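Peer 1: Return atomic coordinates for the entry below.
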Amino acid sequence: MNLFHPYVNVDGTLNDTQVWSREVLYTGTNGRHVERFYVSPSESYVFKPLTNDEQAGRERWVYEHVLPSLPSVYPRLLACSDSEEDGGVEWMIFEDLGPLHHLHEEQTMLRAVGLVAGWHALPPDRFTGIPLRGPKPLIQDLVSELYMRKLDVLKLCSSLGFPKQQVQRMYAQLDHFAFSPQLVLSHGDLHPGNYALSGERLMVLDWEHAHLNTPLWDVYHLIDMSHPLFPRCITSDLRIRLLDRYLEQLELLGAGLERGAFMQEYGMFAVVFSLWMLLLIESDLRRIGTKLHINGDKWSKEQLEAQRGEALACLNQCAAMLEWGQVRRCE
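Peer 2: Here you go, the predicted structure:
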């Protein structure tokens with residue numbers, strides 16, 4: 001039996017008779033809690049049951065087959081359930097990194113985008129068996145949805161003060177645009193809540209969505225993905241500095257990309273993803289406004305409106321990047 005098994009009941013919950021105290025860190029999509037638990041006043045760990053039923057076995061597989069190829073920028077896995085001993089109930093116990101600081105200032109983000117370049121430079125054929133898609137639709141699927149919902153996009157953008165003519169120009173650009181087929185190892189869900197400082201260490205969390213995807217997936221999530229709980233302000237100049245740092249690190253690792261083409265492709269990717277996010281956020285706001293939501297809804301109206309503001313700012317800035325060729329190098 002694993003040394004940590006006494007802390008977990010056979011039903012996959014923490015054993016209060018063995019645990020000194022516990023606190024909920026966050027709640028997964030299936031309602032199960034990720035918790036910090038103490039076995040003494042000075043000894044603590046993080047307990048993570050399966051938080052997304054569609055991801056059964058994924059995080060353990062990633063820890064076994066993917067993360068050993070990376071620097072130690074993730075919490076150590078100390079124990080996990082055994083399919084035979086634990087009745088098929090899935091759980092994991094990680095080292096406790098202590099208080100995490102989600103600081104999205106320039107220096108932290110420059111460090112983070114350098115880490116992303118590091119795992120993007122790894123040969124993708126090293127990760128046999130890894131999925132080819134993550135928790136959200138592929139960029140090609142998002143493009144298709146934007147075409148199917150073009151009237152909704154035009155109506156929403158108009159209501160948010162984004163000119164109809166500019167939206168039409170973006171669709172015209174999409175008509176003649178093809179995203180690169182390049183695939184790299186992708187974290188899969190690198191939103192601003194999934195990288196943080198633990199003391200001086202920059203850590204990347206929640207790897208269960210790792211898969212192969214375009215390099216733009218992680219880069220967009222790191223720089224421009226809005227999140228209701230982690231607001232931030234990304235300027236056009238900061239975005240270019242981050243993209244340049246990413247390209248510089250790739251070049252050092254022998255996996256360089258042509259800057260002009262990459263910047264153009266990033267701008268288009270960000271425009272597509274931001275439009276899709278705005279539709280998603282609008283749907284959430286409408287549900288709240290018509291009182292069709294339930295108590296399990298994660299975000300408040302105020303949080304969603306702030307997220308919408310960030311997504312709209314990204315759309316405006318990256319649309320300008322496409323129209324005006326704003327891909328100068330920022331020193």
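Peer 1: pretty sure Leu242 is touching Gln107, no?
Peer 2: No: applying Cβ atoms under 8 Å as the test, Leu242 and Gln107 come out as separate, 11.1 Å apart. (Glycine included, C-beta is placed from N, CA and C.)
Peer 1: For the stretch 1-150 of the chain, which segments count as helices?
Peer 2: Secondary structure of the stretch 1-150 of the chain by DSSP state H, counting those that start in this stretch: the helices cover 58-65, 106-120, 139-148, 150-159.
Peer 1: So which of the ones you listed is nearest Asp218?
Peer 2: Counting by Cβ to Cβ, Asp218 lies closest to helix 106-120 out of these; the figure is 5.0 Å.
Peer 1: then the closest one to CSV, C-alphas only?
Peer 2: The C-alpha coordinates for helix 106-120 follow below in CSV (Å, rounded to 0.1, in the frame of the first residue of the first chain):
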residue,chain,number,x,y,z
GLU,A,106,5.9,41.6,-17.9
GLN,A,107,8.9,39.8,-16.4
THR,A,108,6.8,36.8,-15.2
MET,A,109,5.1,36.5,-18.6
LEU,A,110,8.5,36.7,-20.4
ARG,A,111,9.7,33.8,-18.3
ALA,A,112,6.6,31.9,-19.0
VAL,A,113,6.7,32.3,-22.8
GLY,A,114,10.3,31.1,-22.7
LEU,A,115,9.2,27.9,-21.0
VAL,A,116,6.5,27.4,-23.7
ALA,A,117,9.2,27.7,-26.4
GLY,A,118,11.1,25.0,-24.6
TRP,A,119,8.5,22.4,-24.8
HIS,A,120,7.4,23.5,-28.3
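Peer 1: what's in contact with that helix?
Peer 2: Residues outside helix 106-120 that contact it (Cβ atoms under 8 Å, 6 or more residues apart in numbering) are 69-71, 73, 184-187, 190, 195, 197, 202, 204, 215, 218-219, 222-223, 238, 241-243, 245-246, 249-250, 253, 255.
Peer 1: Which of those fall in helices?
Peer 2: The helices, defined by DSSP state H, take in 215, 218-219, 222-223, 238, 241-243, 245-246, 249-250 from these.
Peer 1: Settle it for me: which of Leu242 and Gln107 has more neighbours?
Peer 2: Applying other Cβ atoms under 10 Å to Leu242 and Gln107 shows that Leu242 carries more neighbours, namely 23 against 8.
Peer 1: so how far is Pro131 from Ala255?
Peer 2: 22 Å (Cβ to Cβ, to the nearest Å).
Peer 1: again, but for His176
Peer 2: Going from His176 to Pro131 by Cβ to Cβ gives 30 Å.
Peer 1: Look at those two and report which has more neighbours.
Peer 2: Neighbour count, other Cβ under 10 Å: between His176 and Pro131, Pro131 has more, with 15 against 6.
Peer 1: Wait, that one touches His211, no?
Peer 2: Yes: counting by Cβ under 8 Å, Pro131 does reach His211; the two are 4.2 Å apart.
Peer 1: Can you give me the neighbour number for Asp175?
Peer 2: When neighbours are defined as other Cβ under 10 Å, Asp175 has 8 of them.
Peer 1: swap in the one 4 residues further on?
Peer 2: Using other Cβ under 10 Å, the number of residues around Phe179 comes to 15.
Peer 1: right, and it touches Phe269 too?
Peer 2: Yes: assessed by Cβ under 8 Å, Phe179 is found in contact with Phe269 at 7.0 Å.
Peer 1: Overlap of the contact sets of these two?
Peer 2: Common contacts of Phe179 and Phe269 (Cβ under 8 Å, 6+ apart): 139, 214, 216.
Peer 1: can you count the residues close to the second one?
Peer 2: Read it as Thr214. By the measure other Cβ under 10 Å, the count of residues near Thr214 is 21.
Peer 1: Could you dump the helices of the stretch 1-150 of the chain into CSV with mean pLDDT added?
Peer 2: Output for the helices of the stretch 1-150 of the chain, formatted as CSV (pLDDT from 0 to 100):
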stretch, mean pLDDT
helix 58-65, 92
helix 106-120, 97
helix 139-148, 97
helix 150-159, 96
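Peer 1: got any ranges where this protein has weak pLDDT?
Peer 2: Scanning the chain for pLDDT under 70 picks out the ranges 1, 83-87, 290-297, 324-331.
Peer 1: For His221, see how far away Phe269 is.
Peer 2: Distance, Phe269 to His221, by Cβ to Cβ: 11 Å.
Peer 1: And Glu282, by the same measure?
Peer 2: Applying Cβ to Cβ to Glu282 and His221 gives a distance of 20 Å.
Peer 1: out of those two, which sits in the busier spot?
Peer 2: Of the pair Glu282 and His221, His221 is the one with more neighbours under other Cβ under 10 Å, namely 23 against 17.
Peer 1: Nearest residue to Ala313 in space, ignoring adjacent ones along the chain?
Peer 2: Spatial nearest neighbour of Ala313, excluding adjacent residues (Cβ to Cβ, 6 or more residues apart in numbering): Ile234 at 7.4 Å.
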